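A.B. asks: my questions are about this predicted structure, shown below with the sequence.
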Amino acid sequence: MAKKPLVDPDPLELYNLGALGMIADLKPHLLPPEAFSNSNNVRFNTDGVSRGQDLGQVFGTLSAVPEFIFNVPAPSANFWLYASLTKVYAYDGTTSTDITRTAGNYTVGAGLGRNWQGTLLGNVPVLNNQADAPQYWTGLSTASKLADLDGWPSGLRAKIIRAAGPYLIAFNLIDGSAGLQKTIQWSSFADPGTIPASWDYNDPTVDAGRAQLTDAKGGEILEAVLLGNSVVVYTSGSTHVLKYVGGTAIFSPNLLLTESGILASRCATNYNKGTAQFVVTSDDIIIHTGTQTAQSIVEDKVRKKIFSELDTQNFANSFAVENTAKKEVWFCYPTKGNTYPDIAFIWNYKNNTCTFKDIDLNSADAGNSYDVDATTWSDDTENWNSDSSPWNQETRNVVIGVDRSASKAFQIDALYDNVPAAIERTGLAIDGKDRQGNPKASTKSVKQINRMWIKATGTAILTVRVGSQDVIDGPITWANPQDFNCAVDEYLDWCVVGKLLAYRIESTSADPWTIQGIDFNISVLSQL
């Protein structure tokens, strides 16, 4: 039996549970009461914390093991191109068609499917895989095949091809037997709807050219991402900006960040309508707007968690993608012992909150969706003012990813499925209110949870656990779990005693839920 409480205060109210999200890198007892020490498959927003939506299969059965996916919008259709190690297919909303070049299969090595990437020169898709000549697709029709890029030098290969205005730019070259890892080469000017006629930087009659990155410590070029009218170029240890200068030079690279590069190719993406870039470095995740001012978004939040669990052999399979519908960026990475990404770090750039989600994806891109079940009115738990999801989900800008292990494509946030979702807070030291009515905390007082009010909406039945710790970082003693029906219940009664308190709320059904706040009736049994 618990001791008779010294005081029986009014409920301690925790509002706005979506404000801070998950903070894993600090000791739980140091966190604000509204923060969570762990979470998975949930979202934090202005309404609170909600069960996240799950992946829904699209495109039916794919025609090959997908290594890469790329959206190609067209005036009369919307295509999704996906590549295996040897072939490329175009999905038009109904059928997958083989559009591999007529010259024969591609020669991407096993395990190097991540080397595929794509860009749009106007409305002309250009694909590159580092092993073969870059490919382009004319006509935007499944009746057309990919073809080697006209004018491309026969002995030249590039790690990256990007479009910048009317030019194509190649980065990190192999020219014959010479490895030119810091070299940038651009094409001649291309008229709208066409591809460049020349890449001959020695020909004075065309404006093709070459340039070198000159920093000594940066390493090879790993990625290049257009930002406004510039291209941000990433090496393993530095960041450069390539700007159009015209004249005889055409493009000029300049060093931007001397001590910050990129973890691997595909680990940078634009966000917030293309105004800023999200970048995963070798030991941090930063954002910048093309200036020398960069900001970490994970320091003192989840940086240690991410980089301690990132697989050191397969980190190059990681990738980043923007989920514009939810104002998020996803960094998908393999944890220790996994070859391909099995978890996504999700950063909400509107609310500056962090969470994680279980996944099985090896490539993703944004575009228009096809043939996936849309969310119903009853499934949508967000209120009218804050819900950013569109009315017509089937034409919105969504993210489609591919899972090579299952040879399937999936749409992010397509439906609610039986995927476990949970929030957890440990080291909770609140034991009363200050003079302003805000929760105050003590790690020394012995306290007892008597009742827990959960302000929830939705139809889910949640499993709730409450526990206690006697010392900081000590083991948690959990009471028997109780069920909480979001549609019916208001509170749960407990008799849990300890210096530090803990709670965990989880669900395993497809039913949606949102928790706006939690109130605790906590009694102080003794002061030390």
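C.D. replies: Arrived safely, thanks for sending. Fair warning: this is a prediction, and the values are worked out from it, not measured in the lab.
A.B. asks: burial of residue 101, as a residue count?
C.D. replies: Using other CB atoms under 10 Å, residue 101 has 18 other residues around it. C-beta here means a position set from N, CA and C on the backbone, and glycine is covered the same way.
A.B. asks: which stretch of helix or strand covers it?
C.D. replies: Using DSSP states H and E, residue 101 sits within no helix or strand.
A.B. asks: next, count neighbours for the nearest residue to it once chain neighbours are set aside.
C.D. replies: With sequence-adjacent residues excluded and distances taken as CB to CB, 6 or more residues apart in numbering, residue 101 is closest to residue 146, at 4.7 Å. Other residues lying near residue 146 total 25 when counted by other CB under 10 Å.
A.B. asks: also the one 3 residues further on?
C.D. replies: The local packing count at residue 149 equals 22, with neighbours defined by other CB under 10 Å.
A.B. asks: contact partners for it?
C.D. replies: Residues near residue 149 by CB atoms under 8 Å, 6 or more residues apart in numbering: 126, 133-136, 168, 195.
A.B. asks: closest to residue 90 out of those?
C.D. replies: Among the contacts of residue 149, residue 135 lies closest to residue 90 (CB to CB), at 12.1 Å.
A.B. asks: my guess is the closest one meets residue 126, correct?
C.D. replies: Yes - taking contacts as CB atoms under 8 Å, residue 135 lies within contact range of residue 126: 6.8 Å.
A.B. asks: more neighbours, the two?
C.D. replies: Using other CB under 10 Å as the criterion, residue 135 and residue 126 rank with residue 135 on top: 26 against 21.
A.B. asks: contacts only, for that one.
C.D. replies: Neighbouring residues of residue 135 by CB under 8 Å, 6+ apart: 88, 101, 126-128, 146-149.
A.B. asks: and those, which of them are in helices?
C.D. replies: Within the contacts of residue 135, no residue falls in helices by DSSP state H.
A.B. asks: nearest to residue 516 among those residues?
C.D. replies: Using CB to CB, those come closest to residue 516 at residue 127, 46.3 Å.
A.B. asks: quick one: pLDDT of that closest one?
C.D. replies: Residue 127 is assigned 98 on the pLDDT scale.
A.B. asks: quickly list what the nearest residue to it once chain neighbours are set aside is bridged to.
C.D. replies: In this structure, residue 127 finds its nearest non-sequential neighbour in residue 135, 4.5 Å apart by CB to CB, 6+ apart. For residue 135, the beta-bridge assignment (DSSP bridges) gives partners residue 127, residue 148.
A.B. asks: pretty sure residue 249 is touching residue 209, no?
C.D. replies: Yes - the criterion here is CB under 8 Å, and residue 249 meets it with residue 209 at 7.1 Å.
A.B. asks: how about low-confidence regions in this protein?
C.D. replies: In the predicted model of the chain, residues 1-9, 369-396, 528 satisfy pLDDT under 70.
A.B. asks: again, only this time at 50
C.D. replies: 1-8, 371-379, 384-386, 388-395 (pLDDT under 50).
A.B. asks: what are the ranges of the helices in it?
C.D. replies: 303-309.
A.B. asks: give me the most central residue, it.
C.D. replies: residue 330 (0.6 Å; CA atoms, centre = their mean).
A.B. asks: hang on, the earlier thing: who wins for most neighbours among the contacts of residue 149?
C.D. replies: Busiest of the contacts of residue 149 [other CB under 10 Å] is residue 168, holding 29 neighbours.
A.B. asks: would you check that that residue makes contact with residue 189?
C.D. replies: No - when contacts are counted by CB under 8 Å, residue 168 is not listed as touching residue 189 (10.3 Å).
A.B. asks: what touches both of those two?
C.D. replies: residue 196.
A.B. asks: around the spatially closest residue to residue 196 that is not a sequence neighbour, count how many other residues there are.
C.D. replies: Take residue 196 and drop its neighbours on the chain: the residue closest to it by CB to CB, 6+ apart is residue 187, 3.4 Å away. The number of residues packed near residue 187 is 27, by other CB under 10 Å.
A.B. asks: and residue 187, what does it touch?
C.D. replies: 151, 167-169, 196, 198-199, 208.
A.B. asks: same question, residue 490
C.D. replies: By CB under 8 Å, 6+ apart, the residues touching residue 490 are 453-454.
A.B. asks: distance of it relative to residue 249?
C.D. replies: Applying CB to CB, to the nearest Å, the value for residue 490 to residue 249 is 70 Å.
A.B. asks: what comes up buried for stretch 432-451?
C.D. replies: Using 16 or more other CB atoms under 10 Å as the test for burial, stretch 432-451 gives 432, 439, 441-442, 445-450.
A.B. asks: contact partners of it?
C.D. replies: Under CB under 8 Å, 6+ apart, the answer for stretch 432-451 is 2-3, 5, 7, 9-14, 29, 33, 428-431, 466, 472, 491-501, 520-528.
A.B. asks: need the buried ones from these selected in PyMOL.
C.D. replies: In PyMOL syntax, the buried subset of the contacts of stretch 432-451 is picked out as below (16+ other CB under 10 Å):
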select buried, resi 5+11+12+13+14+29+33+428+429+430+431+466+492+494+496+497+498+499+500+501+520+521+522+523+524+525
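A.B. asks: of the contacts of stretch 432-451, which belong to strands?
C.D. replies: 12-14, 428, 430-431, 466, 491-498, 500-501, 520-526 (DSSP state E).
A.B. asks: keeping just the C-alphas, turn stretch 276-284 into CSV.
C.D. replies: Included here for stretch 276-284 are C-alpha records, laid out as CSV according to Å, rounded to 0.1, in the frame of the first residue of the first chain:
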residue,chain,number,x,y,z
ALA,A,276,16.6,25.8,-48.3
GLN,A,277,18.6,22.6,-48.2
PHE,A,278,18.6,19.7,-45.8
VAL,A,279,22.0,17.9,-45.6
VAL,A,280,23.2,14.9,-43.7
THR,A,281,26.9,15.3,-43.0
SER,A,282,29.3,12.7,-41.5
ASP,A,283,28.2,13.5,-38.0
ASP,A,284,25.3,16.0,-38.1
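A.B. asks: wait, isn't residue 492 in contact with residue 456?
C.D. replies: No - using CB under 8 Å, residue 492 makes no contact with residue 456, being 11.4 Å away.
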